[in-house]
Structure formats: C-alpha cells, structure tokens
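> sequence and predicted model, in that order:
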Amino acid sequence: MFAVRNFNMTNDNTIKLEALVVDKRPKGAYLLKTDEHSLEVVAHVSGKMRQKHIRIFPGDKVLVEIGANDLTHGRIVYSLRKKPTNTLNVKK
C-alpha cells in the first residue's frame, strides 16, 4: 500500500578527512586546509551541527566530508575542537 523509503542520505562516494579551519567566508562557508593531501576546501556546516548550534572558529580541527567528484567543496560534519579547560586554580 505505502512504499517504504530509506531517508538515509549518506553517499558512499564521499571522502572524510581531518582539516584545519583557515578562514570564515561569507554565507556561512569556511576555508579549510587538509593535512594529508594539502587540499584547500570550501565547506559549509552540516544541518545537524547547525541545529545543535555548534560554532566553528578559525584554528579548529574539523572532520570534513568531500564528494569524490568535486574535491574543492565539502561539508563539515564534526568539530574536533578541544574543550576549554578551567585555568583558574581554586583551592578549597
């Protein structure tokens, strides 16, 4: 009666790489530099990261998903930024 559809939109033709955020571009884009292949990638933040209000800053390490056809555009899927540490030494 009803067709069951798979709404998992992940594509097997993608490459996931670690990259460093170099600069913030207009319209929510970021310029990234990958470590292994020294590629420069322009990437946007994924929808789930946008929903969770995860912020990206220059200098952060991120996991970027790049399509196999176009190696210059991608999507930031995970932030590898270190959690801020408490620098105050409070003695009790």
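Structure received. Numbers count the residues shown, from 1 in each chain.
> is Ile66 in contact with Val41, as I believe?
Yes. With contact defined as C-beta atoms under 8 Å, Ile66 reaches Val41; the gap is 6.2 Å. For every residue, glycine as well, the C-beta is placed using N, CA and C.
> overlap in contacts, the two.
73-74 (C-beta atoms under 8 Å, 6 or more residues apart in numbering).
> centre of the chain to stretch 48-64, how far?
Centre-to-centre, stretch 48-64 and its host chain are 6 Å apart (C-alpha atoms, centre = their mean, to the nearest Å).
> tell me which residue is most central in this structure.
Ile76 (1.9 Å; C-alpha atoms, centre = their mean).
> quickly find the element holding that residue.
Assessed by DSSP states H and E, Ile76 sits inside strand 73-79.
> what's that strand packed up against?
Here strand 73-79 touches strand 29-34, strand 40-45, helix 47-51, strand 61-67, going by 3 or more C-beta pairs under 8 Å, 6 or more residues apart in numbering; DSSP states H and E.
> list the strands paired with the first one, with their directions.
Which is strand 29-34. In its sheet, strand 29-34 lies beside strand 14-24 (antiparallel), strand 40-45 (antiparallel), with partners assigned from DSSP bridges.
> and what of the longest one?
Listed by DSSP bridges, the sheet partners of strand 61-67 and their directions read strand 14-24 (antiparallel), strand 73-79 (antiparallel).
> most tightly packed of those?
Most buried of the strands paired with strand 61-67 by mean neighbour count (mean count of other C-beta atoms under 10 Å) is strand 73-79; its value is a mean of 19.
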